[in-house]
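Participant: My questions are about this predicted structure, shown below with the sequence.
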Amino acid sequence: MSNPKKNPILSPSTGCPAGYGFIPEDERPEPDATQEGVNVLADAGGISYGEYLQLDKILSAQEPQSRVHGQEVHDEHLFIVTHQAYELWFKQVIFEIDSIRECFLDDSGVDEARMLEVIKRLQRVVMIIKLIG
């Protein structure tokens, strides 16, 4: 006897394709046995990948204003996701530069042993700028 379930492919998207916290329990497809694995963090009493990355917050942070006002513009979602990604990269650049700055603000002077770390962080900043450029 077949179980009448909604086809998740034909249903409107509710966030991450992996379904982290967005697909209601009664609408989730049957688990695919070929995709079973071990989540060591969750299985050891820790947190899952989705919880660690706070995917529920990230994936629910796109609220097209055109939808709010009743006339959704399809491309607005892409605009929001793209610019949010840029903002996260900018946040990482600031994080790296702040850590480099701390190396030079030490009252005891510049620790030459940390220069390799400074160079690696500067290279990371350059890589990010090239990526988003």
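Facilitator: Looks like it arrived, so ask away. Numbers count the residues shown, from 1 in each chain.
Participant: could you point out which element follows the helix or strand of the chain with the lowest mean pLDDT?
Facilitator: Ranked by mean pLDDT, DSSP states H and E, the helix or strand of the chain with the weakest confidence is helix 40-43, at a mean of 65. Later in the chain than helix 40-43, the nearest helix or strand by DSSP states H and E is helix 49-52.
Participant: Next, the buried residues of that next one.
Facilitator: Judged by neighbour count (16 or more other C-beta atoms under 10 Å), helix 49-52 contains these buried residues: residue 50. Any C-beta I mention is one placed from the backbone N, CA and C, and that applies to glycine too.
Participant: immediately after that helix, which helix or strand?
Facilitator: helix 55-59.
Participant: any weak-confidence spans in this structure?
Facilitator: 1-25, 28, 32-45 (pLDDT under 70).
Participant: ok, which stretches of this protein are helices?
Facilitator: Taking DSSP state H, the helices of the chain run over residues 40-43, 49-52, 55-59, 65-68, 74-104, 115-132.
Participant: what packs against the fifth one?
Facilitator: Contacts defined by 3 or more C-beta pairs under 8 Å, 6 or more residues apart in numbering; DSSP states H and E place helix 74-104 against helix 65-68, helix 115-132.
Participant: need these in CSV with mean neighbour count and distance to residue 93, can you?
Facilitator: Formatted as CSV, the helices and strands packed on helix 74-104 follow (neighbours: other C-beta atoms under 10 Å; distance: least, C-beta to C-beta, whole Å):
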stretch, mean neighbour count, distance to residue 93
helix 65-68, 12, 27
helix 115-132, 12, 5
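Participant: Now tabulate the ones you listed in CSV and tack on distance to residue 95.
Facilitator: Formatted as CSV, those follow (distance: least, C-beta to C-beta, whole Å):
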stretch, distance to residue 95
helix 65-68, 29
helix 115-132, 9
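Participant: Of all the ones you listed, which one is nearest residue 86?
Facilitator: helix 115-132 (5.9 Å; C-beta to C-beta).
Participant: May I have the closest one as CSV, with CA atoms only?
Facilitator: These are the backbone C-alpha positions of helix 115-132, laid out as CSV (Å, rounded to 0.1, in the frame of the first residue of the first chain):
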residue,chain,number,x,y,z
MET,A,115,56.0,36.7,11.3
LEU,A,116,55.3,33.5,9.5
GLU,A,117,51.8,33.6,11.0
VAL,A,118,51.4,37.2,10.0
ILE,A,119,52.4,36.4,6.4
LYS,A,120,50.0,33.4,6.2
ARG,A,121,47.1,35.7,7.4
LEU,A,122,48.0,38.4,4.9
GLN,A,123,48.1,35.8,2.2
ARG,A,124,44.6,34.6,3.3
VAL,A,125,43.4,38.2,3.0
VAL,A,126,44.8,38.5,-0.5
MET,A,127,43.2,35.2,-1.4
ILE,A,128,39.8,36.4,-0.2
ILE,A,129,40.1,39.7,-2.0
LYS,A,130,41.0,37.9,-5.2
LEU,A,131,38.0,35.5,-4.7
ILE,A,132,35.5,38.3,-4.2
